[in-house]
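Student: Need the 3D shape of this:
(one chain, ligands or ions: 2)
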Amino acid sequence: MSSITVGSHAPDLSHADGHAHTQSFLSKYVFSKDHKVIGIQFLFSTLVWFLIGGLLALAVRWQIAWPWTKVPILNHLYAAEGGQMSPEAYTMLFTMHATVMIFLVIIPILAGAFGNFLIPLMIGADDMAFPTLNMLSYWFMWPAFIFLGASFFVEGGAAAFGWTSYAPGSSNVMTAPGSLHGQTLWLLGLVCVGISSMMGSVNYMTTIIQMRAPGMTMFRMPLTIWAMFITAILQAFALPVLTAALFMQLMDRLLGTGFFTPEGLVINNQTVAGGGQPLLWQHLFWFYSHPAVYIMILPAMGMVSDIIACFSRKPIFGYKPMVYAIAGIAGLGFIVWGHHMFISGMNPALGMTFMVSTMLIALPSAIKVFNWLGTMWGGKIQFTTPLLFAVGFVSMFIIGGLSGIFMAATPIDIFIHDTYFIVAHFHYVLFAGTVMGVFAAIYFWFPKMFGRQMSEFWGKVHFFFTFIALNCVFFPMHILLGQPRRYADTWHVSVFRHYQPVNEFITRSAIVLVSVQIIFIINFFYSIFFGKRVGRNPWHANGLEWQAPSPPGHGNFDFQPIVYRGPYEYNSPEVDEDYYPQNQPPPKDRPLASEDMGH
Ligand code: HEM
Ligand SMILES: [Cu+2]
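Tutor: Numbers count the residues shown, from 1 in each chain. Ligands and ions are numbered 1, 2, ... in the order given. Got it, this is the predicted structure:
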C-alpha cells in the first residue's frame, strides 16, 4: 500500500493554521464541513441526550422502587392524574429511555463524535472524503431529535413498545397508548438516524481506504481506526434491513398493509388487515440489532486499546490478532441474531445453531480481553483518568460477556429471557462497557479537541463514584432471579415482593450514579474555557493526531505527515524517549527516509 499518492489527498497546508479563509460564524460552527467541528457537534448533542436518557431512567427506577408514588419533577413529563404514574406511562418511559440511549447517544457518540473527530486525524488526512455528506449526516440527526422529542407531547404520548418495537402491537394504531402518533414518530425518527448513520459509514469507509497519509498501511492503522472501519462495514450491511423493516411497519400503520399482522387479528372489536407475520419483524429487527450491539461497542474497544497501550507505555499485545478479533466479532455478528428469539417457538435445531454461533463470539471477545491484559502486564502503568476508565471498561466487559454466555445457552435462556438478568447483561456491556470507554476517550482526546486538559483530580473522583455506583445499580440485577423486565410493578406480584429492598437499593444507587455525572459536566465545561493549556502531545502518545496542533486548524496538519511505523512503538530501543511517533523517521535515515514507506 505504499503507492498512496500524496497528490490530491495531501493536507492542504495553506489551511493548516486555521486562518486561511474567512468564514462566517454559520459556515464555521453551524453548517460546518470540517470533520472536527462536526464531531464536536455530535459530541455536544449526544451529551445533552445522555442527560435526558438518564433522567428517563430515574423515572423508570423510581416506579420500580416506590410503585405508584409521585416521581419528583419528572411527573410533569407524563401529566399524570394526581401525580401517579400510569402503567402506560411507565411503558413509554422505559421505551424512550432505551431508544434515546441507543439511537441518540451511544451510536452517534461513537461513530458521529469520535469517528468524525479521529478518523482523518489518525490517518493523516486533511478531512473526510465527502465533507458535505458528513455535514448532512449530522443534520439528519435533527429531524430524529425533533421527531423523538416531540413524540412526548403528541396525543397518546411517546412510543411504548420497547426499543425493540415488537409487532403486531407496534404495527397497528390504537393497540395501546403510545401507539398513535408516538410510534409513527418513533419510526420516522429511526429512519433519520439510519440515514445519518449510512452517510457516516460510506464516508468513513471511503476515507479510511482512500485518504491515508503516505506510509500509513492498513496494518499501521491504530486499532481505533480498524474498529471504526469494521463498524462502518457492519452499518452498511445491517442498516438496509432495519430501514426496510421500519418502512414496512410505517406502511402497516399508515397504509393498511399487514406485513407484521397475522390473519384474523381483532383489535378494538375490529378485524385488521392481516396475512403477515409478527415474527418477521423480530427477524428483521434482530438481523440489524444484533450487529448493532457491536456497532455500539467495537469503536469503544478500539479507543480503549489505544488508551491502554499509551498508558502502559507498551506496544499493544497481539496487534494483528486484535484486528482479526474485531473482524471475527463483526462477521459472526451476522449469524447469531436468533439468540434474541429462543422462546419464539423456533425449531430446536435452529436454536442449537444460534446457540453455538453465539458462543463462538465469546472467543474473539476473550482474545481482546487477554490482549488488553497482556498489554498492561509488566507495563509502566500511568494511572491517569483515561486509563482508569479504560480499565473499568475491560473489567466490566468481562462481567457482561460472561453473562452473555449464560444467556446464549438455550436451556438457560428459556428461564432468564425477559428477566432482570438480561437487563444486567446489556447494562454491563453498554453502560459499564461502552459508556466507560466513551468517558476514557473524552478525557484522552479532550486536549486535542479543545487545546486544554480536563482536571485529572476531578476526573478520578468522577471515575471512582461512577464505577462504584454503576456496580451497585447493575450487579444486583443479576440476583433478581425471575423478576420480569418491563413490568410497571413487581411489588404487587407476591413472589417478587421480597426483592423490594434490592430494588430500592438499585434505585438509590441510580440516583447517585446520575448525580455524580454533575462532576463530569462541570469539569467538561470548565475545562473548555479554563483548563490547563497543553501542547500537541500531552500524553506522549504515538498516533498522528498528536502531531497536529491542539486544537488542529482547518486542514489538520501544518506539515505533510509521512508514516514510518505502527502506532504502538512505546519504549522502542531505537529512541531515547519512551514513545516513537508514527511520523518520526528512523534514526539511521534521518532526515530523509523515502525508502521506508510501508512495505
Ligand atoms: C460475549 C458476547 C455476548 C454474548 C454471548 C451475548 C449474548 C446475548 C444473548 C443470548 C442475548 C439474548 C438474551 C435474551 O433476550 O434472552 C443478549 C441480549 C442482549 N445483548 Fe448480548 N451478548 C454478548 C455481548 C453483547 C455486547 C458486547 C453487547 C452490546 C454492546 C450486547 C448487548 C445486548 C443487548 C442490548 C441485549 C438485549 C436486547 C433486548 O432484548 O432488549 N451483548 N446477549
Ligand atoms: Cu444479540
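Student: Surely residue 85 and residue 75 touch.
Tutor: Yes - if you go by Cβ atoms under 8 Å, residue 85 and residue 75 touch, sitting 7.0 Å apart. Using the backbone N, CA and C atoms, a C-beta is placed for each residue, glycine as well.
Student: So which of the two has more stuff around it?
Tutor: Using other Cβ atoms under 10 Å, the more surrounded residue of residue 85 and residue 75 is residue 85, with 25 against 18.
Student: Distance from the chain centre to whichever strand or helix holds residue 390, please.
Tutor: Assigned by DSSP states H and E, residue 390 falls within helix 385-408. Counting by Cα atoms, centre = their mean, to the nearest Å, helix 385-408 is centred 15 Å from the centre of its parent chain.
Student: CA-only coordinates of it in PDB, if you can.
Tutor: Coordinates of each C-alpha in helix 385-408 appear next as PDB, following Å, rounded to 0.1, in the frame of the first residue of the first chain:
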ATOM      1  CA  THR A 385      -8.200   9.300  34.300                       C
ATOM      2  CA  PRO A 386      -8.400   7.900  30.800                       C
ATOM      3  CA  LEU A 387      -6.600   4.700  31.800                       C
ATOM      4  CA  LEU A 388      -8.900   4.200  34.800                       C
ATOM      5  CA  PHE A 389     -11.900   4.400  32.600                       C
ATOM      6  CA  ALA A 390     -10.300   2.100  30.000                       C
ATOM      7  CA  VAL A 391      -9.500  -0.500  32.600                       C
ATOM      8  CA  GLY A 392     -13.000   0.000  34.000                       C
ATOM      9  CA  PHE A 393     -14.300  -0.800  30.500                       C
ATOM     10  CA  VAL A 394     -12.200  -4.000  30.300                       C
ATOM     11  CA  SER A 395     -13.200  -5.400  33.700                       C
ATOM     12  CA  MET A 396     -16.900  -4.600  33.200                       C
ATOM     13  CA  PHE A 397     -16.900  -6.000  29.700                       C
ATOM     14  CA  ILE A 398     -15.700  -9.300  31.200                       C
ATOM     15  CA  ILE A 399     -18.800  -9.400  33.500                       C
ATOM     16  CA  GLY A 400     -21.100  -8.600  30.600                       C
ATOM     17  CA  GLY A 401     -19.500 -11.100  28.300                       C
ATOM     18  CA  LEU A 402     -19.800 -13.900  30.900                       C
ATOM     19  CA  SER A 403     -23.500 -13.300  31.500                       C
ATOM     20  CA  GLY A 404     -23.900 -13.300  27.700                       C
ATOM     21  CA  ILE A 405     -22.600 -16.900  27.600                       C
ATOM     22  CA  PHE A 406     -25.200 -17.900  30.200                       C
ATOM     23  CA  MET A 407     -27.900 -16.500  28.000                       C
ATOM     24  CA  ALA A 408     -26.500 -18.000  24.900                       C
END
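Student: Can you list the buried residues in it?
Tutor: Within helix 385-408, the residues that qualify as buried are 385-401, 403-405, 407-408, counting by 16 or more other Cβ atoms under 10 Å.
Student: Within reach of ligand 1, which of these are there?
Tutor: Among the buried residues of helix 385-408, the residues within reach of ligand 1 (Cβ under 6 Å from any ligand atom) are 401, 404, 405, 407, 408.
Student: contacting residues for the residue in the chain positioned nearest to ligand 1?
Tutor: Proximity of the chain to ligand 1 (Cβ to the nearest ligand atom) peaks at residue 404, 2.5 Å away. Going by Cβ atoms under 8 Å, 6 or more residues apart in numbering, residue 404 touches 358, 362, 425, 429.
Student: likewise residue 296?
Tutor: 102, 106, 107, 110, 430, 434.
Student: What score does the closest residue to the first one other than its chain neighbours have for pLDDT?
Tutor: Going back to what we said before, that points to residue 102. Spatially, and ignoring its direct neighbours in sequence, residue 102 is nearest to residue 163 (5.9 Å; Cβ to Cβ, 6 or more residues apart in numbering). Here, the pLDDT recorded for residue 163 equals 97.
Student: For residue 163, which three-state class applies?
Tutor: Recorded secondary structure, residue 163: coil (DSSP: H, G, I helix; E, B strand; the rest coil).
Student: Distance-wise, check it relative to residue 384.
Tutor: 35 Å (Cβ to Cβ, to the nearest Å).
Student: same deal with residue 307?
Tutor: Where residue 384 is concerned, residue 307 sits at a distance of 9 Å (Cβ to Cβ).
Student: check the contacts of residue 404 against ligand 1, which are close?
Tutor: Among the contacts of residue 404, ligand 1 is touched by 358, 362, 425, 429 when using Cβ under 6 Å from any ligand atom.
Student: residues in the protein within reach of ligand 1, list them.
Tutor: Residues of the chain lying near ligand 1 (Cβ under 6 Å from any ligand atom): 164, 293, 296-297, 339-340, 358, 361-362, 365, 401, 404-405, 407-408, 413, 417, 422, 425-426, 429-430, 434.
Student: ok, now with 5 Å
Tutor: Taking Cβ under 5 Å from any ligand atom as the criterion, the chain approaches ligand 1 at residues 293, 296-297, 339-340, 358, 361-362, 365, 401, 404, 407-408, 413, 417, 422, 426, 429.
Student: about what we covered before: I'd like to know which of the ones next to ligand 1 among the contacts of residue 404 are buried.
Tutor: Buried residues within the ones next to ligand 1 among the contacts of residue 404, defined by neighbour count using 16+ other Cβ under 10 Å: 358, 362, 425, 429.
Student: Excluding residues flanking it in the chain, which one is nearest the second one?
Tutor: Spelled out, that is residue 362. Distances taken as Cβ to Cβ, 6+ apart place residue 405 nearest to residue 362, at 5.5 Å, with adjacent residues excluded.
Student: Isn't the one you found up against residue 359?
Tutor: Yes - between residue 405 and residue 359 there is a contact under Cβ under 8 Å: 6.3 Å.
Student: could you pull out the helices for the stretch 351-500 of the chain?
Tutor: Along the stretch 351-500 of the chain, counting by DSSP state H, counting those that start in this stretch, helices occupy 385-408, 410-416, 420-429, 436-450, 456-474, 500-530.
Student: where in the chain is pLDDT low?
Tutor: For the chain, applying pLDDT under 70 flags the ranges 1-22, 77-82, 589-599.
Student: Which parts of the stretch 1-150 of the chain are strands?
Tutor: For the stretch 1-150 of the chain, strands defined by DSSP state E, counting those that start in this stretch do not occur.
Student: What is the end-to-end distance of stretch 330-344?
Tutor: 25 Å (Cα to Cα, to the nearest Å).
Student: one step back: next up, the contacts around the residue nearest to residue 102.
Tutor: When contacts are counted by Cβ under 8 Å, 6+ apart, residue 163 touches 95, 98, 99, 102, 103.
Student: before we move on, what about residue 243?
Tutor: Here residue 243 is in contact with 191, 194, 198 (criterion: Cβ under 8 Å, 6+ apart).
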